[in-house]
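Q: any chance you could fold what I've pasted below:
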Amino acid sequence: MNKKLFLGVLSLGVALGTAQAQDEYTRKADSVLALMTLEEKIGQINLPAAGDITTGQAESANIAEKIKDGKVGGLFNLKGAEKIRDVQRVAMEESRLKIPLLFGMDVIHGYETVFPIPLGISSSWDMGLIEKTARIAAEEASADGISWTFSPMTDISRDPRWGRVSEGSGEDPYLGSKIAKAMVKGYQGDDLSDPQTIMATVKHFALYGAPEAGRDYHSVDMSRQKMYNEYFPPYKAAIEAGVGSVMTAFNDVDGIPASGNKWLMTEVLRNQWGFDGFVVTDYTAINEMIDHGMGDLQTVSAMALNAGVEMDMVGEGFLTTLEKSLEEGKVTQEQIDNAARLILIAKFRLGLFDDPYRYSDPERAKSEVFTPEKRQISRELASQTFVLLKNEDNLLPLKKEGKIALVGPMANNRKNMTGTWSVAGRHDESVSLLDGLKNALGDQAEIVTARGANVAVDSLLESRISIFGKDTERDPRPDENLIAEALEISKDADVIIAAMGESAEMSGEASSMTNIELQKNQRELLKALKGTGKPVVMVLFTGRPLAIKWEEENVPAILNVWFAGSEAGDAISDALFGDVNPSGKLTATFPQNVGQVPIYYNHKNTGRPLGEGEWFQKFRSNYLDVSNEPLYPFGFGLSYTTFEYGDINLSKTSLQGNETLEITIDVTNSGEYDGAEVVQLYIRDMVASITRPVKELKGFEKIQLAAGETKTVTFELTTEDLKFYNNEIEHIWEPGEFQIMVGGNSRDVKSKMITWEE
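A: Numbers count the residues shown, from 1 in each chain. I've put the predicted structure just below:
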């Protein structure tokens, strides 16, 4: 194609409103579509992986021939500005129409500068902080050639056996929706043509976080009412925030795999929510519909296109079967054109037609990626995500003096600090806990260290999790020898820090677990350390809620640090020694044992609820062997200081129609340290046309309080906050009585009653 003519067709003014710009992008895309062959259109909706390409080899790589032939719309997980520039050059100089490629990557919680895992980030309850992590990730990724990320994951999950709970924001739809919007804004900014932004992808649509038995990729079955009220809101919030693409889930919904589910992809996503971007499958999800029992590759590929899927990740079902399906009348030309059009529109929005190389500037990458300034931000933000679970007798913060024993499999494990889905991270350059303690203490205190235990007793289990450059560094010595060494180095210590829990890839995709307790050998080490009579602080590394009832009952201090990212060791040390006061609050309930799973705060009542304050009553909804209560409730998190809540003050106790209820409460820092508290607002709809949850989060505010300071926190409620989807999937509110609850977590609240009439 004539380059001058091509640029004339594609030139686009910048000062356009969103709707006007979208219309202009559509016209531009249509002008390109008019020049394309059927094969080239199908090529635009094909997304292969880039595993066989390295710098300087794009010409000879197998994928290069497909790019030259116009059979590739984009590539993903190719890292580095030079490599990406090299591949883009093939598309721009050797393909017929010179259409630029999209380059995507799993930029999940940071690029090379890695932040805490998403479950950890959510525990900050700080939307500005969360948006900032996505903004920095976009700056780094876009400097290194990436224009598209497969994040945020907004799947609600209430089952910690499911490994990908680590990649989401927990169990609550209200909080999940706020986080989804913050992440999309962070990645995409206000203008996708800004070369420091990248296109976001909300995933996995839909219900992926609720697989039966907590087993990844497994079947999901739930009512429409539950979908709309409890699982859909975060996806919808991302759509409302303008997310550029949507990724399909692996599971079935109403018996139809998500990638072939027209009700999901067209009726809900397009018709009800107004989504105008494109839908991409997850990795080989179309092909996997064959094993779901939906038919052969041609059949399932046509099924996906008919459902409303525009891009096929890796499987090449679209590439190899759609032409035949078109000839046989199983798909239409209009459907193929529309899919290709939406991919082209995304490329226009990203500015790739104006400058195909705008995201692959090697000089920019050198100055903007993994800089000391960004690493310092990672350190500061990480410390805001830690959750102090226990602090008996104010053992924490520790003093920077004496002799400190650091023991455990995560004590000196630099490669595992970044957690799962940190594909671009520099794992070897992360700060380990041992590094962090040394940096914090200098010559003020002595540090002695021993491994004490492997991550797990089972060497086969460890081999399954020593992947993606994150070796667990298993010690071949017998468990008793490791424990003996730990006891020997601890005998003269003033305090023992036990670095315990999971390694990075014990949670994440395809990392489901039936045993969510601390591994047996680690618990044996803890028992031995406790037996010394010395104070023990457990620093808990985890990507999921764990059942740590024994630890809660026996270890005096527990600090949950998730997987804190590139600067983990320094950030953890900041919290341990009180340079930062922990302020994180759980966004997922911790069970007493796995038998309570699924357990979540916003459950519904039963017709035989357990009496208030009761542990067990026959013929009531409870267990024989354990109470109904969680180990740690949703929203829970301690501080080095204490907070006292005053009485709830209401502007009215009887409201009508579109009035606004103002709720105020005084919160006082009654302790000796400055600190931050997340004040949480919950409501309960007492009588409704369908059963309603016992509590629903409807507001929160994170406040900073100096020691002795009091602040008044104000919330506002309208009838919009009372709405729910009834059995006819109508979004309504119903008049009646409502309980208003405010507190520092979902369990410990103060409450008042109101009535709200039409």
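Q: quick one: least confident helix or strand in this protein?
A: The weakest-scoring helix or strand in the chain, judged by mean pLDDT, DSSP states H and E, is helix 3-10 (a mean of 37).
Q: from what I see, Val72 and Pro48 are in contact.
A: Yes. Taking contacts as C-beta atoms under 8 Å, Val72 lies within contact range of Pro48: 6.2 Å. In short, each C-beta sits where N, CA and C put it, glycine included.
Q: quick check: neighbours shared by those two?
A: Taking C-beta atoms under 8 Å, 6 or more residues apart in numbering as the contact rule, Val72 and Pro48 both touch Ile63, Lys66.
Q: more crowded one of these two?
A: When Val72 and Pro48 are compared for neighbours, Val72 comes out ahead with 26 against 22, by other C-beta atoms under 10 Å.
Q: pLDDT wise, what is the nearest residue to that one once chain neighbours are set aside at?
A: Leaving aside its sequence neighbours, Val72 sits nearest to Lys66 (C-beta to C-beta, 6 or more residues apart in numbering; 5.0 Å). On the pLDDT scale, Lys66 is placed at 95.
Q: the one 5 residues further on too?
A: Looking at Lys71, its pLDDT stands at 97.
Q: and it, what is it in contact with?
A: Listed by C-beta under 8 Å, 6+ apart, the contact set of Lys71 reads Glu39, Glu40, Ile42, Gly43, Asn46, Leu319.
Q: can you give me the distance of it to Asn62?
A: Distance, Lys71 to Asn62, by C-beta to C-beta, to the nearest Å: 11 Å.
Q: need the contacts of Lys71 in TSV with secondary structure, neighbour count and distance to Thr719, can you?
A: Shown next, in TSV, are the contacts of Lys71 (DSSP: H, G, I helix; E, B strand; the rest coil; neighbours: other C-beta atoms under 10 Å; distance: C-beta to C-beta, whole Å):
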residue	secondary structure	neighbour count	distance to Thr719
Glu39	helix	13	54
Glu40	helix	20	52
Ile42	helix	25	49
Gly43	helix	24	50
Asn46	strand	24	47
Leu319	helix	21	50
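Q: give me phi/psi at the residue nearest the centre of the chain?
A: Geometric centre of the chain, nearest residue: Gly168, 2.9 Å, by C-alpha atoms, centre = their mean. The phi/psi pair for Gly168 (degrees, to the nearest 10) reads phi -110, psi -160.
Q: now swap in Asp144 and tell me
A: According to degrees, to the nearest 10, Asp144 has phi -110, psi 20.
Q: how many neighbouring residues does it have?
A: Close neighbours of Asp144, defined as other C-beta under 10 Å, add up to 29.
Q: quick one: neighbours of the closest residue in space to it that isn't next to it in sequence, just the number.
A: Setting aside the residues directly before and after it, Asp144 is nearest to Ala365 in space (C-beta to C-beta, 6+ apart), at 4.6 Å. A count of nearby residues for Ala365, using other C-beta under 10 Å, gives 21.
Q: is the residue nearest to Val72 within a helix or a strand, and which one?
A: helix 62-68 (DSSP states H and E).
Q: what's the spacing between the closest residue in space to Lys491 that isn't next to it in sequence and Leu482?
A: Spatial nearest neighbour of Lys491, excluding adjacent residues (C-beta to C-beta, 6+ apart): Thr532 at 7.0 Å. With distances taken as C-beta to C-beta, Thr532 is found 15 Å from Leu482.
Q: tell me which of the two has more neighbours.
A: Leu482 (21 against 15).
Q: next, the contact list for the more buried one, please.
A: Shown in contact with Leu482 (C-beta under 8 Å, 6+ apart): Ala450, Arg451, Gly452, Ala453, Asn454, Asp475, Leu525.
Q: Arg341 too?
A: Counted by C-beta under 8 Å, 6+ apart, Arg341 has contacts Thr26, Ala29, Asp30, Leu33.
Q: domain map for the chain?
A: Per automatic domain parsing, the domain ranges recorded for the chain read 40-365, 381-585, 643-757.
Q: turn those domains into CSV, including distance to Pro591.
A: Below are these laid out as CSV (distance: least, C-beta to C-beta, whole Å):
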stretch, distance to Pro591
domain 40-365, 7
domain 381-585, 5
domain 643-757, 14
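Q: minimum distance to Gly635: which of those domains has it?
A: domain 643-757 (3.7 Å; C-beta to C-beta).
Q: gap between the two ends of that closest one?
A: The straight-line separation of the ends of domain 643-757 (C-alpha to C-alpha, to the nearest Å) is 35 Å.
Q: now that domain, how far from the centre of its chain.
A: 26 Å (C-alpha atoms, centre = their mean, to the nearest Å).
Q: try stretch 340-354
A: Put simply, stretch 340-354 sits 27 Å off its chain's centre (C-alpha atoms, centre = their mean).
Q: so Gly189 sits against Ala138, correct?
A: Yes. Under the criterion of C-beta under 8 Å, Gly189 makes contact with Ala138 at 7.5 Å.
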